[in-house]
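> What shape does this take:
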Amino acid sequence: MGNDSTILLDQSDNIAVVTLTRPYSLNIAGKHELRNILHQLAEEDLRTLIVASGHPEAFLVDVAELANMNPTEARAFSEAGQQVASILSELPFPTIAALDGQALGGGCELVMSCDLAYASSRSHLGQIEVLGGIIPGFGGTWRLAHRVGLQRACELIFSAAVIDANRARELGLVLDVIPEEQLLSHCREVAANIAKNGKLAVAQAKKVLLAGAGLPLSAALAIEQAAFASLFGTDDQRGRMNAYVKQHGAQKQ
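Next up is the predicted model:
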């Protein structure tokens, strides 16, 4: 990253940490930088990605950039934000949001684009776009409804409510509230536990969970069955299962 970068990238032990370091890191330039980094990471041999806020206002957009946009510019802005969110959802390894501060508007959408989310006790989240006469544009309408249910999403978006970390945990927006000084180490521990498991299996589990969400049961089961079968015969499956049998002995049902 150059001196003007808003993002720091650290990689070790097949775990990457992308840290948004400055206030309003989700401005136009920051969003494009993040998209490029995510494209780069998609090609690397990673097990987990942590997206962290290195400043209490890092997970914010710059409203001043939006104020005088015309519809064409607004569409391009929305498209770029949706691309970032979609890349995070489609990465072939789990993603973890480590929120320490404000995640409002696009920042809340960024948190929801990650597979897992943890927040410090000083964090706040909200889809506040209607305050400015617009609606969420990075996928927030769909993702919020899937995280907390349609009726609760309606309440949060219509009212532009800002909720604290404990309320976000109650609603299912984040998994847990962690003391700020322990947040990143906690997320690294979660990432390390994930990294111990079969790479292909975790990737398929993520894919199936996302693909099956909202589908009828029969369709979701068909996706699961195909993915389950596809993992048999791989070096990872055979090596791991044979090692388990060797350690624990054959277990007959």
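
> List phi and psi for residue 27.
Main-chain dihedrals, residue 27, degrees, to the nearest 10: phi -70, psi -180.

> Check residue 125 too.
When read as degrees, to the nearest 10, the backbone of residue 125 gives phi -130, psi 150.

> Model confidence for it, exactly?
Residue 125 is assigned a pLDDT of 98 by the prediction.

> Could you report the distance from it to residue 131?
15 Å (CB to CB, to the nearest Å). (C-beta placed from N, C-alpha, C; glycine too.)

> neighbour count winner among the two?
Legend: neighbour count by other CB atoms under 10 Å for residue 125 and residue 131, higher for residue 125 (29 against 14).

> looking at it, the more buried one is touching residue 173, isn't it?
Yes: if you go by CB atoms under 8 Å, residue 125 and residue 173 touch, sitting 5.7 Å apart.

> any common contacting residues for these two?
108, 111, 163 (CB atoms under 8 Å, 6 or more residues apart in numbering).

> just the strands in this structure please.
For the chain, applying DSSP state E gives strands covering 7-12, 15-20, 48-53, 95-99, 102-104, 116-120, 124-126, 163-164, 176-178.

> Looks like residue 124 contacts residue 165 (just checking).
Yes: using CB under 8 Å, residue 124 is in contact with residue 165, at 7.1 Å.

> give me every residue that touches residue 160.
126-131.

> Adding distance to residue 22, write those out as CSV.
Compiled in CSV, those are given as follows (distance: CB to CB, whole Å):
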residue, distance to residue 22
126, 21
127, 22
128, 20
129, 22
130, 26
131, 23
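
> Most neighbours among those residues, please name it.
In terms of neighbour count, residue 127 stands highest of the contacts of residue 160 at 29 neighbours, by other CB under 10 Å.

> Buried deepest among the strands of the chain, which one?
strand 95-99 (a mean of 27; mean count of other CB atoms under 10 Å).

> Give me the residues contacting it.
Contacts for strand 95-99 (CB under 8 Å, 6+ apart): 48-53, 59, 88, 110-111, 113-120, 123, 125, 165, 174, 183-184, 187, 190-191.

> please redo it, this time with the cut-off set to 7 Å
48-53, 59, 88, 111, 114-120, 123, 174, 183-184, 187, 190-191 (CB atoms under 7 Å, 6 or more residues apart in numbering).
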